[in-house]
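> fold the following for me, if possible:
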Amino acid sequence: MKLQGIDLLATTPSDLAMSLKTETINVEVKNRMVTERITVARDREQIIERPRMFISTMITTDITLGQLADIDPGVPRSSEEDMVKFLQFRATASLGNDEGLFENKLSSSESFHATISNPQLYMQPGAFDKALLFYLNFKTAYAIFNDDRQKLNVETVTATENIQKPVEFTR
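So this is what the prediction gives:
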């Protein structure tokens, strides 16, 4: 299975932006027969074969924090190309239980192996301040959204209770 990639861009009213971009995501699922030795008695072992599913995936992720540039007024800015980058993190991650993918063959196929290769971090002065402002902006927006949602929930419950009066049945 192959996914072309994901591209998300979150912005604040002050044009701070966080971009999450992935390249091609490869997921491979295999079903193979596995031979296992099971001890039946103290002096006897039995060899059985059973089907086993093996999964492996690889993804390259790029996370960027920056300021959207005002290149052409009146044109919506919605891409990473319009961004002045303050912080960028890029890495390739692999996850799987197929022993053929990993150098360490000491563990069984019952465990999953995760590796991160080629991590790169690019940071300009002031990037931490911008990241903190971005976090606080979205934290505040989420808190306001959550409060409004709870108020709406209380209003809905109250309105429902007022509409649904108990119905009495007489014989």
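
> show me the helices in this structure, by range?
Secondary structure of the chain, counting by DSSP state H: helices at 127-163.

> verify the stated contact: residue 12 with residue 138.
Yes: counting by CB atoms under 8 Å, residue 12 does reach residue 138; the two are 7.3 Å apart. For glycine as for every other residue, the C-beta is placed from the backbone atoms N, C-alpha and C.

> what about the protein, any weak spots by pLDDT?
Applying pLDDT under 70 to the chain flags residues 70-81, 98-109, 162-169, 171.

> any chance you could map the strands in it?
Counting by DSSP state E, the chain forms strands over residues 2-3, 7-11, 16-22, 25-41, 44-68, 83-96, 113-123, given from the N-terminal end onward.

> the longest one versus strand 7-11: what angle between them?
Following axes from the mean of the first three to the mean of the last three CA atoms, to 10 degrees, one obtains 40 degrees for the angle between strand 44-68 and strand 7-11.

> just checking, what packs against strand 44-68?
Where contact means 3 or more CB pairs under 8 Å, 6 or more residues apart in numbering; DSSP states H and E, strand 44-68 is packed against strand 16-22, strand 25-41, strand 83-96, helix 127-163.

> tell me which strands it pairs with, and in which orientation.
Looking at strand 44-68 with DSSP bridges, its paired strands and their directions are strand 16-22 (antiparallel), strand 25-41 (antiparallel), strand 83-96 (antiparallel).

> same deal with the first one?
Sheet pairing of strand 2-3 (DSSP bridges) gives strand 25-41 (antiparallel).

> now, of the strands of the chain, which is deepest in the fold?
With neighbours defined as mean count of other CB atoms under 10 Å, the strands of the chain peak in mean count at strand 16-22, which reaches a mean of 19.

> using CSV, write down the CA coordinates of that one.
Included here for strand 16-22 are C-alpha records, laid out as CSV according to Å, rounded to 0.1, in the frame of the first residue of the first chain:
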residue,chain,number,x,y,z
LEU,A,16,2.5,32.1,12.4
ALA,A,17,2.2,28.8,10.7
MET,A,18,3.0,25.1,11.5
SER,A,19,3.4,22.7,8.6
LEU,A,20,3.4,18.9,8.7
LYS,A,21,4.4,17.3,5.5
THR,A,22,5.1,13.6,4.7
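
> pull the distance from that strand to the chain's centre.
Chain-centre distance of strand 16-22: 13 Å, with CA atoms, centre = their mean, to the nearest Å.
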